[in-house]
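[1] Structure for the following, please:
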Amino acid sequence: MSTEVQPEVRSEPPVRPEFLDVTGLPAPVVAGLRTIVESLRGQEASSSPETSNAADLTPEERLRLFREWVATRPAIGGDLRDDRETIYESRDE
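    Model (predicted):
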């Protein structure tokens, strides 16, 4: 009987094409879906390696990327009141 430990071998599953059944959809819808798929494939090919795998980033890099993303988002304005009077306003108390 051997006491050697067998190394665990992990392999990536083979990449296989996926198919989407568009049977019964009108031709313009199918054409639109093809355009969307081509666009997504283009985004995947052009994605920067910096953001391709978040697990490889340090917490500081993730925070920096998050702050950059937040800076690109529009500010949502408005008056927000969460005081007691506002909360119970509809109860006529």
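[2] Where does pLDDT dip in this structure?
    Applying pLDDT under 70 to the chain flags residues 1-3, 5-14, 44-52, 92-93.
[3] Quick one: the strands in it, in order.
    With DSSP state E as the criterion, the chain has no strands.
[4] What ranges does it have for its helices?
    27-46, 49-52, 59-72, 84-87 (DSSP state H).
[5] Just tell me which of those helices ends up closest to residue 78.
    Across the helices of the chain, residue 78 has its closest neighbour in helix 84-87 (13.4 Å, Cβ to Cβ). C-beta: built from backbone N, CA, C; applies to glycine.
[6] CA atoms only: put the closest one into CSV for me.
    The C-alpha trace of helix 84-87 is given here as CSV (Å, rounded to 0.1, in the frame of the first residue of the first chain):
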residue,chain,number,x,y,z
ARG,A,84,-40.2,61.4,11.7
GLU,A,85,-42.7,63.9,10.4
THR,A,86,-42.3,62.7,6.8
ILE,A,87,-42.4,59.1,7.7
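[7] Check which helices and strands that helix sits against.
    With contacts taken as 3 or more Cβ pairs under 8 Å, 6 or more residues apart in numbering; DSSP states H and E, helix 84-87 sits against no other helix or strand.
[8] Now find how far off-centre that helix is within its chain.
    Distance of helix 84-87 from its chain centroid, counting by Cα atoms, centre = their mean, to the nearest Å, is 37 Å.
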